[in-house]
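Chemist: quick one: sequence and predicted model below, then my questions.
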Amino acid sequence: MSVNKPTKITPPDDGEKTAKRGSLFERASGAFGLDRLAPAAVPDRLASDKAKKFAPRREAPLAPSEPQPVPQAAPVAAPVVTPPVDPVEPEQPAVRFNGDKQEIVRSLLREQGLIDPDGGASTLLEEFRIIKRQLLAAAKAENTPQSRRVLVCSPHSGEGKTFCALNLAMAMAGERDSEVLLIDADFGKPSILARLGLDAGKGFMDVLADPKTHVEDYVIGTDIPGLWVLPAGARTGRDSEYLASERTWEVLNRLTRGAPRRTLIFDSPPALAASPAAELAKHVGQALLVARADMTGRAALEDAVDLLSACPDIKLLLNDATFSPSGRRFGSYYGYGE
């Protein structure tokens with residue numbers, strides 16, 4: 001190892017007081033001229049956050065007792081949106097029946113075993129009051145014009161459908177502030193007007209065949225309060241086709257529109273004998289299927305129910321029954337037959 005010799009070392013005088021020897025670094029600095037090497041200057045203040053290389057300094061967390069403020073946005077008024085208003089269809093007034101009222105001979109009703117509206121309470125009237133209560137309750141529950149249309153039908157002829165339709169109409173006419181329109185829809189063998197002693201004339205089928213006519217012009221009034229009758233009209237040979245047309249909906253809707261207290265009762269042909277019964281079932285909300293005790297077979301009832309299946313509510317009425325397994329005696333209320 002080579003060591004550089006100092007060249008200008010002056011020994012101290014003997015008379016002078018020997019100075020305090022410096023440290024090795026100080027002596028080396030004096031010998032080799034290292035005084036120009038000075039430590040880096042330390043600034044009085046550190047550089048600002050923007051001049052730092054690293055992330056800015058974090059703010060000190062607030063004390064637990066002081067909730068941290070949440071910046072609130074300036075309230076902005078929500079735009080007012082006006083919901084679309086559906087056009088209100090003007091309510092159409094109910095069709096009123098203004099035809100002349102004809103007299104129904106009460107003795108004729110009694111001869112046929114029908115309800116006499118002036119005869120007071122009777123077993124027959126009570127039986128049909130029970131039936132009408134079920135029909136009225138179902139119509140009130142549904143609360144639709146179609147539910148106030150009742151079809152009275154039977155599988156075959158001679159089972160008492162017209163007898164039941166007449167008595168049901170008279171029992172319903174007894175309701176306060178109500179109207180009953182009995183429609184003879186047995187176009188092949190109409191019998192409603194003859195049983196009531198009324199004169200036959202134009203009616204239901206004539207209205208369906210002529211779009212220019214108004215059905216209320218053919219409705220016949222009676223002297224029984226609340227009871228009106230619509231004849232069957234002229235036979236056309238195309239009864240089912242007319243009933244299947246849109247014209248039938250127009251006519252029936254006209255009869256029940258705006259009249260919640262009006263009930264339509266249809267006396268239709270037997271379901272298994274003519275097709276109009278199945279077509280009428282599409283326009284009513286309730287059907288009363290009449291079966292005669294000891295006469296109507298189960299297979300016939302099942303077939304009739306299938307044909308009337310377009311009606312959502314089919315009820316069974318047992319006619320001419322003299323025995324009840326439950327002990328409830330309804331009595332024999334079948335009249336002289338059809």
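Modeler: Right, received. Where do you want to start? Numbers count the residues shown, from 1 in each chain.

Chemist: and the strands in this structure?
Modeler: Remark: strands assigned in the chain by DSSP state E are 101-102, 149-153, 179-184, 220-222, 227-230, 262-267, 286-292, 314-319.

Chemist: and the fifth one, what's buried?
Modeler: By neighbour count on 16 or more other C-beta atoms under 10 Å, the buried set for strand 227-230 is 227-230. Using the backbone N, CA and C atoms, a C-beta is placed for each residue, glycine as well.

Chemist: re the thing from before, most tightly packed of the strands of the chain?
Modeler: strand 149-153 (a mean of 28; mean count of other C-beta atoms under 10 Å).

Chemist: quick one: strands adjacent to that one?
Modeler: Within its sheet, and counting by DSSP bridges, strand 149-153 is paired with strand 262-267 (parallel), strand 286-292 (parallel).

Chemist: average pLDDT across that strand?
Modeler: Mean pLDDT, computed over strand 149-153, is 97.

Chemist: low pLDDT regions in this protein?
Modeler: Counting by pLDDT under 70, the ranges of the chain that qualify are 1-26, 28-92, 323-338.

Chemist: hmm, try it at 50
Modeler: 2, 16, 51, 54, 85-90, 330-338 (pLDDT under 50).

Chemist: that one: helices as residue ranges?
Modeler: For the chain, applying DSSP state H gives helices covering 24-32, 106-111, 123-142, 161-173, 192-196, 204-209, 239-243, 246-256, 276-280, 298-307.

Chemist: any chance of these in CSV, plus distance to Val219 and mean neighbour count?
Modeler: Below are the helices of the chain laid out as CSV (distance: least, C-beta to C-beta, whole Å; neighbours: other C-beta atoms under 10 Å):
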stretch, distance to Val219, mean neighbour count
helix 24-32, 133, 12
helix 106-111, 20, 14
helix 123-142, 20, 16
helix 161-173, 13, 25
helix 192-196, 12, 20
helix 204-209, 10, 22
helix 239-243, 18, 19
helix 246-256, 9, 16
helix 276-280, 18, 24
helix 298-307, 28, 14
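
Chemist: okay if I get these as CSV plus distance to Ser268?
Modeler: Compiled in CSV, the helices of the chain are given as follows (distance: least, C-beta to C-beta, whole Å):
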stretch, distance to Ser268
helix 24-32, 130
helix 106-111, 22
helix 123-142, 16
helix 161-173, 8
helix 192-196, 11
helix 204-209, 11
helix 239-243, 10
helix 246-256, 13
helix 276-280, 4
helix 298-307, 11
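
Chemist: between the ones you listed, which one is nearest to Thr263?
Modeler: Ranking these by distance to Thr263, with C-beta to C-beta as the measure, places helix 161-173 first at 5.7 Å.

Chemist: report the backbone C-alpha coordinates of the closest one in PDB.
Modeler: Taking C-alpha atoms only, helix 161-173 is exported to PDB below (Å, rounded to 0.1, in the frame of the first residue of the first chain):
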ATOM      1  CA  LYS A 161    -138.000 -25.200 -19.100                       C
ATOM      2  CA  THR A 162    -140.800 -22.700 -20.300                       C
ATOM      3  CA  PHE A 163    -142.700 -23.300 -17.100                       C
ATOM      4  CA  CYS A 164    -139.600 -22.500 -15.000                       C
ATOM      5  CA  ALA A 165    -138.700 -19.500 -17.200                       C
ATOM      6  CA  LEU A 166    -142.200 -17.900 -16.700                       C
ATOM      7  CA  ASN A 167    -142.200 -18.500 -12.900                       C
ATOM      8  CA  LEU A 168    -138.700 -17.300 -12.500                       C
ATOM      9  CA  ALA A 169    -139.500 -14.100 -14.400                       C
ATOM     10  CA  MET A 170    -142.600 -13.400 -12.200                       C
ATOM     11  CA  ALA A 171    -140.600 -14.100  -9.000                       C
ATOM     12  CA  MET A 172    -137.800 -11.700 -10.100                       C
ATOM     13  CA  ALA A 173    -140.400  -9.000 -11.100                       C
END
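
Chemist: closest one to Lys315 among the helices of the chain?
Modeler: Per C-beta to C-beta, nearest to Lys315 of the helices of the chain: helix 123-142, 6.9 Å.

Chemist: what's the closest one packed up against?
Modeler: helix 161-173, strand 262-267, strand 286-292, strand 314-319 (3 or more C-beta pairs under 8 Å, 6 or more residues apart in numbering; DSSP states H and E).

Chemist: could you rerun that using 10 Å?
Modeler: Applying 3 or more C-beta pairs under 10 Å, 6 or more residues apart in numbering; DSSP states H and E, one finds that helix 123-142 contacts strand 149-153, helix 161-173, strand 262-267, strand 286-292, strand 314-319.

Chemist: tilt between the third one and strand 179-184?
Modeler: To tie it back to what came earlier, the one meant is strand 262-267. On the basis of axes from the mean of the first three to the mean of the last three C-alpha atoms, to 10 degrees, strand 262-267 is oriented at 20 degrees to strand 179-184.
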